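Asker: no FASTA, just this:
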């Protein structure tokens, strides 16, 4: 049976961080005579996206951020979505702005996202923010990767000097989490579908981040004894949620491990709230 002390409780950490954000949000409101504001654009009626948006609105209310939800039909033209983005870019009551993905026409995503002001890009997806992250400059970093770093730090383990292996090279998780680990002075290896001798590489990791999008892809024979294992996976099968890591067997080897659900998931929205307050404090308008 897994030692509960090994499990990194993302829900508990998220609640702790939200408590601190509530104080920041209140201080911002007192100083500026208005609440920090987050606008969300949802195009279409994807059930999962609707749940995500509702959760984001609820989380905003919890910490004292004003939320603005804009719903467009799935038939909305690219020009109409961009027009709404530009309107919200100019709205001084909006500090953070995100377009909920996926869009009905995924071909439009990059074109639409590049119109979001980098100062309000609380998802951290804009090329300006991604570029500043690469350069080590101040920026709004992607939320899930930021949450991963907070989860690792919560263990009390040292990141500096350790070998971190990231499985996955997506622009949303793999690449930005690798950059954030570099900023913490880890030695970072990125693995992907074309990596040869994957198991030999992952077994050298002091910190292993699985963001590959395949159910229970990481098995115990891929993990070094005492490694910190962060599971970013959210894979649905037969109505159940599975991570990228085979939790039961890997948890026997790891010093710390995140569960699915209850690990990385709660941290993503929390870091979105953090980015919104950061954008407001920096002056996004």
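Answerer: Cool, the structure landed. For clarity, every value in this text was computed on a predicted model and none was experimentally measured.
Asker: the spatially most central residue of the chain - nearest residue in space that isn't next to it in sequence?
Answerer: Taking C-alpha atoms, centre = their mean, the centroid of the chain lies closest to residue 144, which sits 1.4 Å from it. Leaving aside its chain neighbours, residue 144 sits nearest to residue 268 (4.8 Å; criterion: C-beta to C-beta, 6 or more residues apart in numbering). All C-beta atoms are positioned from the backbone trio N, CA, C, and that covers glycine.
Asker: run through the residues that contact that neighbour.
Answerer: Residue 268 is in contact with 143-144, 147, counting by C-beta atoms under 8 Å, 6 or more residues apart in numbering.
Asker: neighbours around residue 137, how many?
Answerer: By other C-beta atoms under 10 Å, the residues close to residue 137 number 10.
Asker: my error: substitute residue 199 in the last question.
Answerer: Using other C-beta under 10 Å, residue 199 is surrounded by 12 other residues.
Asker: again, but for the one 5 residues further on
Answerer: Each residue near residue 204 was counted by other C-beta under 10 Å, and the total is 13.
Asker: what do you get for the one 4 residues further on?
Answerer: If you count neighbours by other C-beta under 10 Å, residue 208 ends up with 28.
Asker: ok, now the one 5 residues further on?
Answerer: Using other C-beta under 10 Å as the criterion, residue 213 is surrounded by 15 other residues.
Asker: where does it land in three-state SS?
Answerer: Following DSSP: H, G, I helix; E, B strand; the rest coil, we place residue 213 in the coil state.
Asker: report the contact partners of it.
Answerer: Going by C-beta under 8 Å, 6+ apart, residue 213 touches 168, 233, 235, 244.
Asker: quick one, phi psi at it?
Answerer: phi 80, psi 30 (degrees, to the nearest 10).
Asker: quick one: contacts for the closest residue to residue 272 other than its chain neighbours?
Answerer: In space, and not counting its chain neighbours, residue 272 is closest to residue 143: 4.8 Å by C-beta to C-beta, 6+ apart. By C-beta under 8 Å, 6+ apart, residue 143 lies in contact with 122-124, 267-269, 271-272, 275.
Asker: distance check, residue 143 against residue 78.
Answerer: The spacing between residue 143 and residue 78, counted by C-beta to C-beta, to the nearest Å, is 25 Å.
Asker: can you check residue 168 too?
Answerer: Distance check for residue 168 against residue 78: by C-beta to C-beta, it reads 29 Å.
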